[in-house]
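Chemist: Provide a 3D model corresponding to the input given below.
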Amino acid sequence: MKKIWIGGVIATATLSIGIVSGCSNSSLVIPYTSQLSDVRTDITKNNISSAEKVLQNPASKGGAQQNLYLSELARTQQFGYQYSDSMQNYALVEQIIYNQNMAAQVQLSQVTNSALSLFTNDNIQNYQLPGYEQILVYNYQALNYLFSNNLSGALVEARRADDAQEFQAQMNAKQHQAYEQAKQQQNFNIQADDYKKRYASMIEAAKEVPNSYQNPYTFYVTGMIFELQGDYTDALIDYKSALAIDPSNTYIQQKVMDMQYKNGSTSALNASQKAFGLTYQVQVSGSGQLVVLYEQNFVPMKTSINLPIVVNNVLHNISLPIYAGPFPPITPLTLTNNTTGQSMGQTQTIVSVQALAAKALDEQMPMIMLRSVLRFITQQATTQAVNNQSPLAGLALNIFNVVTSDADLRSWVTLPNNAQISNQYMSSGNYMYQLSSSYGISGNIPVNIVAGHTTILWVMQVGGQFYTRAITY
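Modeler: This is a model prediction of the structure:
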């Protein structure tokens, strides 16, 4: 069959059929959200082994979204307390992140130059974890080490997480610049009013966070790790970074004052008390610290919509991803001392992961739409040229274009909807807690508080299912 070159793209019927036939393990034929629905259901039902089986095969095969399957598998194994297995899979993801980030710095300047990327759907392209997902990889790897009683390993991941947040801030600025440069070379117009109307719920959710690449939960976790190591200076830096994003969180305020006190920064402590409207309470002798990390439900999945775009003065519809809402409410976790019946307080939200996801997609949309428009133009020109040479080949290419027109719905869907925290000093002793939220009530959770030490209670709740683990340092 004759090969026809249009704008550097080889267009043949055999190419289109070959690409489709090679995508049985990708999200091109079966949307990624459909593939992962059963995994989320299994986790909700505490059927972790079944969820693992769904993920292990695609995670081991490589391919365009191996990093995503590995992330889902590592996260699923954390629900099953399989920290060693989870650690190994996150390590593989970290290596892929490193390789992709190094390549991305070069590719940003070539956004319109990849012929195959203009001809094929985003679902076929290698999935690159957006900034907020990358940062959470390091966050959860640090927790793996922490709950494996490996503080030195957790410290390594804490520093990587801090570096990742700085790197993503730099990349975000470069991506915006690359989009503006590429857009100036093209003749198309996004219907801004229609976009704002169709994406109103997502845009509103995205307003909850200043950007998608700074995560106060990760800053809090890394601050806690530095504190456990006795590095109160670095702990203070990360707690302050968390507070800058979430300034009204009283638990973060307390940790900032704790570090200022332990660093002997009397003037800074006095200033913080005045700014926060709080009186700092020195830890009582014989008491220990309880830190609660509470993660609630699952982050929303993407869906798709058709959005009108004008290309060369002609109106067309393109399929685009969206977080459509409605977004579930975030409710606190209440801790109750089952022995006394006394409430031990509630958690406070430190990050809305659904807001980070919405913000990330909102930040990515200009580039996604640009690629969609360029792909549409390339496909139209290629199909016309092929059809002129061979109607049969043109028909095959038209079928390929229809099959590959769906929006890319891939994202890390076993992440929590949100994360919450609490920290308090308590008298040493063995406690039995009950945990409750609007989504369910737990059974008895044993917690041991040791004088002069910190006990971390990690709670993951999906629906009415609680996954809990405590460790003392």
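
Chemist: please, which helix or strand holds Lys53?
Modeler: Assigned by DSSP states H and E, Lys53 belongs to helix 48-60.

Chemist: mind listing what's buried in that helix?
Modeler: Judged by neighbour count using 16 or more other CB atoms under 10 Å, the buried positions of helix 48-60 are Ile48, Ala51, Glu52, Val54, Leu55, Pro58, Ala59. (Each C-beta comes from the backbone N, C-alpha and C, glycine too.)

Chemist: and those residues, which two are the farthest apart?
Modeler: Ile48 and Pro58 (17.2 Å; CB to CB).

Chemist: ok, back up a step: which elements pack onto whichever helix or strand comes after the helix holding Lys53?
Modeler: Remark: after helix 48-60, the chain's next helix or strand is helix 66-79, criterion DSSP H and E. Counting contacts by 3 or more CB pairs under 8 Å, 6 or more residues apart in numbering; DSSP states H and E, helix 66-79 is packed against helix 32-44, helix 48-60, helix 83-107, helix 131-146.

Chemist: got TSV for these, with mean pLDDT too?
Modeler: Converted to TSV, the helices and strands packed on helix 66-79 look like this (pLDDT from 0 to 100):
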stretch	mean pLDDT
helix 32-44	94
helix 48-60	92
helix 83-107	89
helix 131-146	97
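
Chemist: deepest of those helices, which one?
Modeler: Compared across the helices and strands packed on helix 66-79, helix 131-146 shows the largest average neighbour count, a mean of 25 (mean count of other CB atoms under 10 Å).

Chemist: what about the helix or strand just after it, average pLDDT?
Modeler: Sequence order places helix 151-183 as the next helix or strand after helix 131-146, per DSSP H and E. Helix 151-183 carries an average pLDDT of 83.

Chemist: what about helix 151-183, distance to the chain center?
Modeler: Distance, stretch centre to chain centre, for helix 151-183: 13 Å (CA atoms, centre = their mean, to the nearest Å).

Chemist: do stretch 458-466 as well
Modeler: Stretch 458-466 has its C-alpha centroid displaced from the chain centroid by 18 Å (CA atoms, centre = their mean).

Chemist: about what we covered before: closest to Tyr323 out of the helices and strands packed on helix 66-79?
Modeler: Closest to Tyr323 of those, according to CB to CB: helix 32-44, at 11.5 Å.

Chemist: the residue nearest to the spatial centre of the chain - nearest residue in space that isn't next to it in sequence?
Modeler: Computing the C-alpha centroid of the chain and ranking residues by CA atoms, centre = their mean puts Glu133 first, at 3.2 Å. Using CB to CB, 6 or more residues apart in numbering and skipping residues adjacent in sequence, the residue nearest Glu133 is Trp412, 4.8 Å away.

Chemist: assumed the one you found was part of a helix.
Modeler: No: using DSSP: H, G, I helix; E, B strand; the rest coil, the assignment for Trp412 is coil, not a helix.

Chemist: ok, now which ones touch it?
Modeler: Going by CB atoms under 8 Å, 6 or more residues apart in numbering, Trp412 touches Leu68, Ser71, Glu72, Arg75, Leu129, Glu133, Leu136, Val299.

Chemist: what does Gln296 give?
Modeler: The contact partners of Gln296, taken as CB under 8 Å, 6+ apart, are Ile330, Thr331, Leu333, Pro416, Asn417, Asn418, Ala419, Gln420, Ser437, Tyr439, Gln461.

Chemist: among these, name the buried ones.
Modeler: So, by 16+ other CB under 10 Å, the buried ones in the contacts of Gln296 are Ile330, Thr331, Leu333, Pro416, Asn417, Asn418, Ala419, Gln420, Ser437, Tyr439, Gln461.

Chemist: distance to Val282 added to the contacts of Trp412, as a markdown table?
Modeler: Output for these, formatted as a markdown table (distance: CB to CB, whole Å):
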| residue | distance to Val282 |
| --- | --- |
| Leu68 | 47 |
| Ser71 | 42 |
| Glu72 | 44 |
| Arg75 | 39 |
| Leu129 | 43 |
| Glu133 | 40 |
| Leu136 | 34 |
| Val299 | 39 |
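
Chemist: looking at those residues, which has the most residues close by?
Modeler: Neighbour counts for the contacts of Trp412 peak at Ser71, which has 30 neighbours (criterion: other CB atoms under 10 Å).

Chemist: my read: it touches Leu129, true?
Modeler: Yes: the criterion here is CB atoms under 8 Å, and Ser71 meets it with Leu129 at 7.0 Å.

Chemist: shared neighbours, those two?
Modeler: Here Ser71 and Leu129 have Val93, Val137, Trp412 as joint contacts, going by CB under 8 Å, 6+ apart.

Chemist: from those residues, pick the one nearest Lys207.
Modeler: Ranked by distance to Lys207 (CB to CB), the shared contacts of Ser71 and Leu129 are led by Trp412 at 21.9 Å.

Chemist: got the CA positions of stretch 288-308 in CSV?
Modeler: Output in CSV follows, covering the C-alpha atoms of stretch 288-308 (Å, rounded to 0.1, in the frame of the first residue of the first chain):
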residue,chain,number,x,y,z
GLY,A,288,3.2,11.5,74.7
GLN,A,289,2.1,12.8,71.4
LEU,A,290,-0.7,11.3,69.2
VAL,A,291,-0.7,12.2,65.5
VAL,A,292,-3.6,11.1,63.4
LEU,A,293,-3.4,10.9,59.6
TYR,A,294,-6.9,10.4,58.2
GLU,A,295,-7.6,9.8,54.5
GLN,A,296,-11.2,9.7,53.4
ASN,A,297,-12.7,7.8,50.5
PHE,A,298,-11.5,8.0,46.9
VAL,A,299,-10.6,10.9,44.6
PRO,A,300,-13.2,11.4,41.8
MET,A,301,-12.7,9.7,38.4
LYS,A,302,-12.6,11.7,35.2
THR,A,303,-15.5,11.6,32.7
SER,A,304,-15.7,13.1,29.2
ILE,A,305,-17.6,15.8,27.4
ASN,A,306,-17.8,17.2,23.9
LEU,A,307,-16.7,20.8,23.6
PRO,A,308,-17.1,23.0,20.5
